[in-house]
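Chemist: sequence and computational prediction follow.
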Amino acid sequence: MYQQNLTHVLAKSALPRSVQDYNAALSNASSFLHEIEKAHANPLPGDPLSKSTFSESNSPTSGLTYYDLETGAKFVYPLLTPLRNEIPRVSGKGGIQANWRAVTGINTTGLRIGVSGGNRGGVQAVSTADYSAAYKGIGIETSVDFEAQYAGMGFDDVKAIGAKVGLEACMLGEELLILGGDTSVALGTTPTPTLVPSTTGGSLTAAASPYSVICAALTLDGVVNGSIAGGVQGAITRSNADGSSDTFGGGAAGKSANATVSIASGTTGSIAAAVTAVPGALGYAWFWGAAGSEVLGAITTINSLVITANATGTQTAASLGSSDNSTNALVFDGLLYQAFKSGSNAYVSYLATGTAGTGSTLTGDGSGGIVEVDAALKNRWDNYRLSPDTMWVSSQVAQNLSAKILAGGVNAAQRFVFDADQGALGGGVMVRSYLNKFSMAGPKTLDIRIHPNMPAGTILMTSRTLPYPLSNIGNVMQVRTRQDYYQIEWPPRARRYESGVYADEVLQHYFPPSMAVISNIAAG
């Protein structure tokens, strides 16, 4: 129904000059509105009056539709830097490296201390050592176009976001360096693989030419930044924001010589491949195919695998070159490589190769303990009278530790704490600590902590304190900085804001023997 005075409004809009003209206009308006009512009551197919003039748009960015966009970008990436958060940071005093000296042993020859009347005792031997750690610069660049800043007005401050993500990216990179930066432990040339063919277990076919297999050992950097799709990196030449470039190792050892083997017959063949474990390696890249055309097919954290099908990667073994590119001269040694370093006296153990592709797993002792972990803890006590307090592991090793410990045959091997609240009952059990039997003060608890950058197959044990009185060591490990985090906003050289976040530092570990590493651990 129309408003009651609408006919009068329409009649007046005709501007009648007399009563007769007004009555005629009123009659015409009434007839017009009557016809519209009839059309609405009985619309013809396709008649535009049969549907609403405006309807909800099917697109969020077109039509007369409000765009419900919340102000401010959301940041949905992990910022997990446990070692960086916990290790103390101290200021350096200039120079190009941190230097310190240590007395590492007294009466090292075991001189007896009994003396005869009126005489003096024997002269003891004291061992000392000099240490140094060169400062390294770290940093990362960010740029924001002028237009990006303009376009973000009213939504977010893109320039401020650039500064934020620059700092966080630098912290994430620093965490990886603290765990496993490698400037001094070269992996050398990877040993030649040992191959055993089989006519079962896969989809390899008997061919006129044999299969060729090449392996390259990897550091932590190589494992973390390697993938089947993207490949592993040998020598890296990086173009920098100022037009300069840097060349450094990408974490891959010198590749092995190729080994060849043939499948005797059929189309269901497989090849068991293994190399001798490489000291300092946390992973291995495997290439196979026809000789001279081997491509990347697998990256493992143990020193063996079973090849069951043709390689699916695209990187060729030839692209790695022949040099050892495992170290990076631009970074400092992290905890793992300070432990691996020759002369560190840290405990380092590699599990046996075992069956190719299966490897060796951690061994439960049947009493709620792990044989390999206890061996490391006993060794540290027997040789240095100290007890680590933290085990850094991958999610795989954490799960394996729990399974082995909970499978113990002694009921008293585990301790369960129950909450009286029935609503608190939940499924799943995870071991969060390990009891070290070898400690002067009795059993000592080690925390089991998952590190986001720890590759599967490796355990790192660390100590926050030393049980040595008057050791003159406040922090067992610390990040020593010539210059802690700072940001530079560079002068414009194009219509963009360019900035970088930097630090100049080195990781000091005053007593590497307080660390223990167990590696080459298979899942299971």
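Modeler: Cool, the structure landed. The shown structure was predicted, so the numbers you read here are calculated from the model rather than taken from an experiment. Numbering: from 1, shown residues only.

Chemist: distance of residue 76 from residue 302?
Modeler: For residue 76, the distance to residue 302 (CB to CB, to the nearest Å) stands at 33 Å. Quick note: C-beta positions are derived from backbone N, CA and C, even for glycine.

Chemist: sorry, wrong one. I was asking about residue 449.
Modeler: The spacing between residue 449 and residue 302, counted by CB to CB, is 22 Å.

Chemist: tell me which of those two has more neighbours.
Modeler: residue 302 (26 against 17; other CB atoms under 10 Å).

Chemist: how close does residue 174 sit to residue 136?
Modeler: With CB to CB as the criterion, residue 174 and residue 136 are 11 Å apart.

Chemist: now swap in residue 306 and tell me
Modeler: Noted for residue 306: a distance of 40 Å to residue 136, by CB to CB.

Chemist: ok, residue 275 next?
Modeler: 31 Å.

Chemist: neighbour-wise, which of residue 306 and residue 136 wins?
Modeler: Between residue 306 and residue 136, counted using other CB under 10 Å, the more crowded position is residue 136 (21 against 18).

Chemist: SS state for the closest residue to the more buried one other than its chain neighbours?
Modeler: Nearest residue to residue 136, sequence neighbours excluded (CB to CB, 6 or more residues apart in numbering): residue 332, at 4.7 Å. Put simply, residue 332 is coil when judged by DSSP: H, G, I helix; E, B strand; the rest coil.

Chemist: confirm for me that residue 332 is in contact with residue 507.
Modeler: Yes. Using CB atoms under 8 Å, residue 332 is in contact with residue 507, at 5.4 Å.

Chemist: what's the overlap in contacts for these two?
Modeler: 133, 177, 181 (CB atoms under 8 Å, 6 or more residues apart in numbering).

Chemist: so where's the stretch 1-150 of the chain shaky on pLDDT?
Modeler: 1-4, 35-52 (pLDDT under 70).

Chemist: now the helices for it?
Modeler: For the stretch 1-150 of the chain, applying DSSP state H, counting those that start in this stretch gives helices covering 6-13, 19-41, 82-86, 146-151.

Chemist: of the ones you listed, which approaches residue 520 most closely?
Modeler: Nearest of these to residue 520, taken as CB to CB: helix 82-86 at 22.5 Å.

Chemist: to the chain's geometric centre, what's the distance from the closest one?
Modeler: Counting by CA atoms, centre = their mean, to the nearest Å, helix 82-86 is centred 14 Å from the centre of its parent chain.

Chemist: what does stretch 397-411 give?
Modeler: Distance of stretch 397-411 from its chain centroid, counting by CA atoms, centre = their mean, is 26 Å.

Chemist: what about it, average pLDDT?
Modeler: Stretch 397-411 comes out with an average pLDDT of 81.

Chemist: and what of stretch 478-497?
Modeler: Mean pLDDT, stretch 478-497: 94.

Chemist: now do stretch 445-465
Modeler: On average, the pLDDT along stretch 445-465 is 95.

Chemist: now do stretch 203-223
Modeler: Over the span of stretch 203-223, the pLDDT mean works out to 95.

Chemist: and that stretch, C-alpha only, in PDB?
Modeler: Output of stretch 203-223 as PDB, limited to C-alpha atoms (Å, rounded to 0.1, in the frame of the first residue of the first chain):
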ATOM      1  CA  SER A 203      59.600 -50.400  -7.100                       C
ATOM      2  CA  LEU A 204      63.100 -50.200  -8.600                       C
ATOM      3  CA  THR A 205      63.500 -52.100 -11.800                       C
ATOM      4  CA  ALA A 206      66.400 -54.200 -13.200                       C
ATOM      5  CA  ALA A 207      68.100 -52.000 -15.800                       C
ATOM      6  CA  ALA A 208      71.000 -52.200 -18.200                       C
ATOM      7  CA  SER A 209      72.900 -49.500 -16.300                       C
ATOM      8  CA  PRO A 210      73.400 -49.700 -12.500                       C
ATOM      9  CA  TYR A 211      71.900 -47.300 -10.000                       C
ATOM     10  CA  SER A 212      74.400 -44.700  -8.700                       C
ATOM     11  CA  VAL A 213      74.200 -43.300  -5.100                       C
ATOM     12  CA  ILE A 214      75.900 -40.200  -3.700                       C
ATOM     13  CA  CYS A 215      75.700 -38.900  -0.100                       C
ATOM     14  CA  ALA A 216      76.500 -35.500   1.500                       C
ATOM     15  CA  ALA A 217      76.700 -35.100   5.200                       C
ATOM     16  CA  LEU A 218      74.900 -32.000   6.600                       C
ATOM     17  CA  THR A 219      75.400 -29.700   9.600                       C
ATOM     18  CA  LEU A 220      72.400 -28.300  11.600                       C
ATOM     19  CA  ASP A 221      72.200 -25.400   9.100                       C
ATOM     20  CA  GLY A 222      72.100 -27.900   6.200                       C
ATOM     21  CA  VAL A 223      69.300 -30.000   7.800                       C
END
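
Chemist: got the buried residues for it?
Modeler: For stretch 203-223, burial by neighbour count (16 or more other CB atoms under 10 Å) applies to 204, 211-223.

Chemist: report the buried residues of the helix or strand where residue 168 lies.
Modeler: Element membership for residue 168, per DSSP states H and E: helix 158-180. Buried residues in helix 158-180, defined by neighbour count with 16+ other CB under 10 Å: 158-159, 161-163, 166, 168-180.

Chemist: ok, now stretch 363-382?
Modeler: Within stretch 363-382, the residues that qualify as buried by neighbour count (16+ other CB under 10 Å) are 364-365, 368-370, 372-374, 376-377, 380-381.

Chemist: and which of the shared contacts of residue 332 and residue 507 is nearest residue 485?
Modeler: Residue 485 lies nearest to residue 177 out of the shared contacts of residue 332 and residue 507, by CB to CB, at 14.1 Å.

Chemist: surely that closest one is in contact with residue 334?
Modeler: Yes. Using CB under 8 Å, residue 177 is in contact with residue 334, at 5.5 Å.

Chemist: which residues does residue 224 contact?
Modeler: Neighbouring residues of residue 224 by CB under 8 Å, 6+ apart: 176, 453, 455.

Chemist: count of neighbours near residue 303?
Modeler: Neighbours around residue 303, by other CB under 10 Å: 30.

Chemist: hmm, I typed the wrong one, I wanted residue 522.
Modeler: By other CB under 10 Å, neighbour count at residue 522 equals 24.

Chemist: excluding chain neighbours, what is closest to it?
Modeler: residue 359 (3.0 Å).

Chemist: cool, and residue 324?
Modeler: Residue 324 sits nearest to residue 254 (CB to CB, 6+ apart), 4.1 Å away.

Chemist: state the distance from that neighbour to residue 327.
Modeler: Separation of residue 254 from residue 327 (CB to CB): 12 Å.

Chemist: between those two, who's got more neighbours?
Modeler: Between residue 254 and residue 327, counting by other CB under 10 Å, residue 327 is the more crowded of the two (23 against 19).

Chemist: okay, which residue is most central for the chain?
Modeler: Residue closest to the mean C-alpha point of the chain, counted by CA atoms, centre = their mean, is residue 453 at 3.6 Å.

Chemist: got the contact list for that residue?
Modeler: Counting by CB under 8 Å, 6+ apart, the residues that residue 453 touches are 175-176, 179-180, 220, 224.

Chemist: cheers, nothing more for now.
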